[in-house]
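K.L.:
Provided below are the primary sequence and the corresponding predicted coordinates.
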Amino acid sequence: MTTPNSTANVNTREFQASSKAARTGFLSLAAMVTFSVLAGMSQIANAQADDALVAQAASQGAVQVVVVCGKRSAV
């Protein structure tokens, strides 16, 4: 006597991406999504970094830069 939940006579088939074309398609789709997310994050980070630099420059006021140029004399 078998129970209704018995797996002895159940034919199950797992999802298989056995063809190279399917695997290539899935890989390219995953790469496209990954790079799209990274590009979006990069644009957000660049905008925030630019805003932070502008805010820092505004709070510090004018910055004086001293450049010293010299030459060694021949002895």
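P.N.:
In hand now; what should we look at?
K.L.:
ranges for the helices of the chain?
P.N.:
20-60 (DSSP state H).
K.L.:
what's the distance between the spatially most central residue of the chain and residue 66?
P.N.:
The chain has residue 38 as the residue nearest its centroid, 2.9 Å off, counting by CA atoms, centre = their mean. Separation of residue 38 from residue 66 (CB to CB, to the nearest Å): 41 Å. Where you see a C-beta, it was placed from the backbone N, CA and C, and this is true even at glycine.
K.L.:
could you list the low-confidence segments of this protein?
P.N.:
Residues of the chain meeting the criterion pLDDT under 70: 1-17.
K.L.:
go with 50
P.N.:
For the chain, no stretch is flagged by pLDDT under 50.
K.L.:
how much space separates the residue nearest to the centre of the chain from residue 32?
P.N.:
From residue 38 across to residue 32, the span is 11 Å (CB to CB).
K.L.:
what do you get for residue 71?
P.N.:
If you measure residue 71 against residue 32 using CB to CB, the figure is 57 Å.
K.L.:
these two: who's more crowded?
P.N.:
In this view residue 71 and residue 32 are compared by other CB atoms under 10 Å, and residue 32 has more residues nearby, 10 against 5.
K.L.:
and that one, what does it touch?
P.N.:
Applying CB atoms under 8 Å, 6 or more residues apart in numbering, we find residue 32 in contact with no residue.
K.L.:
ok, now how distant is it from residue 24?
P.N.:
Distance, residue 32 to residue 24, using CB to CB: 12 Å.
K.L.:
and what of residue 61?
P.N.:
Plainly put, residue 61 is 57 Å away from residue 24 if you go by CB to CB.
K.L.:
what does residue 45 give?
P.N.:
Residue 45 sits 31 Å away from residue 24, taking CB to CB as the criterion.
K.L.:
then residue 30?
P.N.:
Look at residue 30 and residue 24: by CB to CB, they are 11 Å apart.
K.L.:
shared neighbours, the two?
P.N.:
Common neighbours of residue 30 and residue 24 (CB under 8 Å, 6+ apart) do not exist.
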